[in-house]
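[1] fold the following, please.
(2 chains)
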Amino acid sequence: MRKWVWVLGIGLILVFPGIGQGGSKKSIILSTTTSTQDSGLLDVLIPIFEKNTGYFVKTIAVGSGQAMAMGQKGEADVLLVHSPAAEKKFVAEGYGVNRRLVMHNDYIVVGPAEDMAKIKGMKATKEVFKKIASAGALFLSRGDNSGTHAKETAIWKAAGINPEKQKWYQQTGLGMGQTLNVTSEKKGYTLADRGTYLALKKNLSLDILVEGDAILLNIYHVIEVNPAKWPKVNAAGTRAFADFVVSKEVQDIVKTFGVDKFGSPLFFPDAGKKEEDLGK
Amino acid sequence: MDLIFEGILKAFHLLFTLDPEVLGITLLSLQVSGTATLISLFIGISIGTLVALTEFPGRRLVVSLINTGMGLPPVVVGLFVTIFLWRNGPLGFLGILYTPAAMIIAQAVIATPIVMGITLAAIQALPKKLRLQILALGATRLQMVWILVKEARLPLLAGVMAGFGGVISEVGASIMVGGNIKGYSRVLTTATVMETSRGNFDVAIALGIILLLLAYSINLVLTHIQQRERPR
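    Sure thing, here's the model as predicted:
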């Protein structure tokens, strides 16, 4: 039996592909949001980048908050995130450089078809939130410092309501997909990005109730982690990746991505535009 | 219910068409968890035997710590391994965060106390007189230990199965230290989490079924070895 175990062990180690590959200078860590991964966009983009440049991209999909926390510690090379206010602070504090606009889509307020709070078709999102609060209708929050959570918090603030500790306000602490599932099961309301909602729609009993408000824009930027602050950052690879996502090649892919599956694109390419001009 | 049926169909479809991505993910799961289990056997059996056979002050404390370690939460292990392996962390110079190697380390940390605890219990369960008898027959200490380990091989194999089962089904640590990178550090459990959040429940169920089949076939082999000789 002992001999058998050794044969197995040596076999496993011999066929093992990954060991020792990790420290290579040719790899970069991309810290990004779950929406870019869950939509499948990165599965299309990363192989092209790897083929073009020879870099190996380690994509770590977390919330925007955690992505920036990793950047702040120098534990990521490049960020693709959607939490503009926090991003500006991140760059202003010197953790990131060269923040560039990549693309946008939008957030929507979803809820059950019965729509207890009667918000369907309303335009001003902060009024929607006020109405949900006054109706005491169940609202599910991500509660995970993600970009979506930051947006939701900003809307509550604009509405002048502090939902924390309210009985109708529950935080899942989960990703967008799981939060949508919880919302659907509990017949509540939530704020979601359109891409994730479209991807999961077939399993959800949730309708789009509010859309199209300017505050609901969901804007993605690419940020390079400052190599002057963190010498271990792969500056060349980081720059190559950031240049890649704003290149014409990628922007053209973004323009049509998702059309075959959902009938409409999941993201709109924005490289070179100004943030203030979006949604006009 | 339809969903589960679709998932089962999908699992067989993926298996029989030898889908290269799923095959890679399955193979990596086996390699990572297999290697981690082997490492845990080496450390767990040697230290477990040592603690079982020696008397020293604070022994009860050590044993209780090992037994607590058998229930080590994978996410906590993942968090600590991540912090140690960060490139600006104490072991950052290794540069192995977000690699299969990091996953092996985390899984070995999870499996080692399980193997150690079961080894400890198995060796202690042997009759005390057996030791004296072996020594009286002229065996060296090392030979005595080897005979005891061989005597306890049935419960030890249960330890192997518990350790392997613990790590192959574990997701918290693997996703944190491995990063679920496509074609590189994605294993069955982390892929299941991702497909669930993508709303591809049929694929998620299929991956779950493949994981169960994998765990079952490994345990079948181990059980076969374990039950080959019935204890006297």
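[2] how about the residues of chain B that lie near chain A?
    Within reach of chain A by Cβ under 8 Å from any Cβ of the partner chain, chain B has these residues: B:28, B:30-31, B:34-35, B:38, B:41, B:86-88, B:92, B:94-102, B:153, B:179-182, B:184-185, B:194, B:196-199, B:201, B:225. Every C-beta, even on glycine, is put in place using the N, C-alpha and C of the backbone.
[3] now, of these, which are buried?
    Using 16 or more other Cβ atoms under 10 Å in any protein chain shown as the burial test, the residues of chain B next to chain A include B:28, B:30-31, B:34-35, B:38, B:41, B:86-87, B:92, B:94-102, B:153, B:179-182, B:184-185, B:194, B:196-199, B:201, B:225 as buried.
[4] next, the buried residues of the longest helix that chain B contains.
    Longest helix in chain B, counting residues (DSSP state H): helix B:20-53. Buried residues in helix B:20-53, counting neighbours by 16+ other Cβ under 10 Å, are found at B:22, B:24-26, B:28-41, B:43-45, B:47-49, B:51-53.
[5] nearest spatial neighbour of A:Leu41, skipping sequence neighbours?
    Nearest residue to A:Leu41, sequence neighbours excluded (Cβ to Cβ, 6 or more residues apart in numbering or on different chains): A:Phe257, at 5.7 Å.
[6] right, I mislabeled it, should have said B:Leu14
    Of all residues not flanking B:Leu14 in the chain, B:Val22 sits nearest, at 4.7 Å (Cβ to Cβ, 6+ apart).
[7] ok, now which ones touch that neighbour?
    Contacts of B:Val22 were listed using Cβ atoms under 8 Å, 6 or more residues apart in numbering or on different chains, and they are B:Leu14, B:Leu15, B:Leu207, B:Ile210.
[8] and those residues, which two are furthest apart?
    Across the contacts of B:Val22, the longest distance by Cβ to Cβ is 10.9 Å; it joins B:Leu15 and B:Leu207.
[9] these two: who's more crowded?
    Neighbour count, other Cβ atoms under 10 Å in any protein chain shown: between B:Leu15 and B:Leu207, B:Leu207 has more, with 29 against 16.
[10] you'd agree the more buried one is in a helix?
    Yes - B:Leu207 sits within a helix when classified using DSSP: H, G, I helix; E, B strand; the rest coil.
[11] interface residues of the stretch 51-200 of chain A facing chain B?
    A:56, A:58-61, A:73-75, A:175-178, A:199-200.
[12] which residues in chain A form helices?
    A:2-14, A:34-38, A:41-53, A:64-72, A:84-92, A:125-135, A:147-159, A:176-186, A:194-200, A:235-245, A:248-256, A:259-262.
[13] could you list the low-pLDDT ranges of chain A?
    A:1-25, A:279-280 (pLDDT under 70).
[14] can you check chain B too?
    Along chain B, segments meeting pLDDT under 70 span B:229-232.
[15] and with 90 instead?
    B:1-20, B:87-88, B:92-95, B:128, B:131-132, B:141-142, B:182-183, B:194-203, B:222-232 (pLDDT under 90).
[16] ok, the residue nearest to A:Gly212 when sequence neighbours are not counted - contacts?
    Nearest residue to A:Gly212 in three dimensions, chain neighbours excluded: A:Lys123, at 6.8 Å (Cβ to Cβ, 6+ apart). Applying Cβ under 8 Å, 6+ apart, we find A:Lys123 in contact with A:Val210, A:Gly212, A:Asp213.
[17] neighbours of residue 56, just the number please.
    Going with chain A. 17.
[18] if you could check chain B rather than the one you did, that'd help
    Count around B:Phe56 with other Cβ under 10 Å applied: 8.
[19] now it: how far from B:Gly183?
    To B:Gly183, B:Phe56 is 48 Å away according to Cβ to Cβ, to the nearest Å.
[20] what's the answer for B:Ala152, then?
    From B:Ala152 over to B:Gly183 (counting by Cβ to Cβ), the distance is 41 Å.
[21] neighbour-wise, which of those two wins?
    A direct count of neighbours by other Cβ under 10 Å for B:Ala152 and B:Gly183 places B:Ala152 higher, at 23 against 15.
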